[in-house]
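In: no sequence for this one, just the structure:
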């Protein structure tokens, strides 16, 4: 009897302890928020989830007011906030629930950028006497050192001098701070100096300037690294982070990359003309590059190519809109132009309704200092909050094909009638 009682007590004790053990629970999910980027009126906020389990709801608060509610589907989520005011600090946090318990993230401060001003003084210069002189591109090294390139035909172009020497047109013009000087730049073709129009120039420094077809000025002489990659084509535009990491794009889908030693062709996946290229270093230190491809005036296909690392793909573009140029300085907002000016933010394209003229080029210093220029001398500036169109620089019979901005200086280049034109703007 005692043995039976002892066994009963032992079994009861074991069952009791098993029954009292807590059921395993999932680890609590924790969220944090951080500010990824800001403009004058926008902020990009990253939500990071630790111990991410299942899709869950989150409510974002801006200055303690609900701003948006979303369902988290991954451990990292980027949220977009618009309609903010320039030069103002906002408190941002989020609420969520874990194991049916309400939680609040950390609070961060997002300070929006201040606007820039629209105040510019202007100077316009023209060059050439015949044959539709045109400038296609321009590079600003500093206010006393500007290069513009194209084709400039003076009265004696395509004639012979008193000694019988053939006179080539000019294909560049240089600003030294007080005046412009016309230049002839020759490239080497099978051992012979050869002239052609120059469509692009890209400068890293006074002694580090690149021109069409891989021609490089090192501060003393022109050099021409192995250019077999340019067989049958010439670059329309160039972009790079240094002379060890430079890209060139051209007609028929041509793309080439220079690594400091050699040019190498890249397969673009298209035969469309690539008219522009722009890029940045992303948060991982890799190149993020976009290239608009379109045969201007054809009404045919349009592609917005994306170069990321060693891969070339494409992203969606606004249907049936002509595409020619792009610019960005953050992964979060991309500008593209042609038949209008558009920007892509949070996966969607939106149009900037500023002109009905064709946009040949868009460039900027920052999200609060952007320029667009194009048909009939259209030129407009975005200060982070509003656009201003500068009617005082319009052209009566021509277009601006290129522009560049550096700090408080902007240069617009193109054609007016049969003359090449440069317009310089200085912010005050």
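Out: Sure thing, it's come through. No experiment lies behind these values; they were computed from the predicted model shown.
In: Got the phi and psi for residue 409?
Out: Taking degrees, to the nearest 10, you get phi -120, psi 140 for the backbone angles of residue 409.
In: Give the burial count for it, as a bare number.
Out: Using other Cβ atoms under 10 Å, residue 409 has 16 other residues around it. Every residue, glycine included, has its C-beta placed from N, CA and C.
In: For it, give the beta-bridge partners.
Out: Using DSSP bridges, the beta-bridge partners of residue 409 come out as residue 406, residue 426.
In: wait, it sits on residue 141?
Out: No: at 10.5 Å, residue 409 and residue 141 do not qualify as touching, with contact defined as Cβ atoms under 8 Å.
In: which neighbours does the helix or strand hosting residue 173 have in its sheet, and in what orientation?
Out: Secondary structure from DSSP states H and E places residue 173 in strand 170-175. Its sheet considered, strand 170-175 pairs with strand 145-152 (antiparallel), strand 180-183 (antiparallel) by DSSP bridges.
In: residues of the last one that come out buried?
Out: Meaning strand 180-183. Judged by neighbour count (16 or more other Cβ atoms under 10 Å), strand 180-183 contains no buried residues.
In: just checking, next helix/strand downstream of that strand?
Out: Next helix or strand after strand 180-183 toward the C-terminus (DSSP H and E): strand 187-189.
In: From the contact counts, what lies against that next one?
Out: Counting by 3 or more Cβ pairs under 8 Å, 6 or more residues apart in numbering; DSSP states H and E, the packing neighbours recorded for strand 187-189 are strand 192-194.
In: Now the element after the strand it packs on, going C-ward?
Out: strand 201-205.
In: what pairs with the helix or strand following that next one, and is each one parallel or antiparallel?
Out: Heading C-terminal from strand 201-205, the first helix or strand you meet, by DSSP H and E, is strand 208-211. According to DSSP bridges, strand 208-211 forms sheet pairs with strand 201-205 (antiparallel), strand 215-217 (antiparallel).
In: residues in contact with the last one?
Out: Strand 215-217 has contacts (Cβ atoms under 8 Å, 6 or more residues apart in numbering) with 185, 187, 207-211, 222-225, 243.
In: Out of these, flag the one nearest to residue 360.
Out: Relative to residue 360, the closest of those is residue 211; by Cβ to Cβ it sits at 19.7 Å.
In: Show me what the host helix or strand of residue 342 packs onto, helices and strands only.
Out: Assigned by DSSP H and E, residue 342 falls within strand 340-345. In terms of contacts (3+ Cβ pairs under 8 Å, 6+ apart), strand 340-345 is packed against strand 333-338, strand 348-352, strand 359-366.
In: now those in JSON lines, with mean neighbour count, distance to residue 381 and mean pLDDT?
Out: Formatted as JSON lines, the helices and strands packed on strand 340-345 follow (neighbours: other Cβ atoms under 10 Å; distance: least, Cβ to Cβ, whole Å; pLDDT from 0 to 100):
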{"stretch": "strand 333-338", "mean neighbour count": "24", "distance to residue 381": "13", "mean pLDDT": "98"}
{"stretch": "strand 348-352", "mean neighbour count": "13", "distance to residue 381": "12", "mean pLDDT": "96"}
{"stretch": "strand 359-366", "mean neighbour count": "22", "distance to residue 381": "9", "mean pLDDT": "98"}
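In: export those to JSON lines and tack on distance to residue 131?
Out: Below are those laid out as JSON lines (distance: least, Cβ to Cβ, whole Å):
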{"stretch": "strand 333-338", "distance to residue 131": "27"}
{"stretch": "strand 348-352", "distance to residue 131": "36"}
{"stretch": "strand 359-366", "distance to residue 131": "21"}
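In: wait, which of those strands is closest to residue 396?
Out: strand 359-366 (17.0 Å).
In: what angle do the closest one and strand 333-338 make?
Out: Here strand 359-366 runs at an angle of 160 degrees relative to strand 333-338 (axes from the mean of the first three to the mean of the last three Cα atoms, to 10 degrees).
In: re the thing from before, could the strands paired with strand 170-175 go into JSON lines alongside mean pLDDT?
Out: Below are those laid out as JSON lines (pLDDT from 0 to 100):
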{"stretch": "strand 145-152", "mean pLDDT": "98"}
{"stretch": "strand 180-183", "mean pLDDT": "97"}
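In: To residue 396, which of the ones you listed lies closest?
Out: The nearest among the strands paired with strand 170-175, by Cβ to Cβ, is strand 145-152 at 19.5 Å.
In: ok so, going back, closest to residue 418 out of the strands paired with strand 170-175?
Out: strand 145-152 (10.9 Å).
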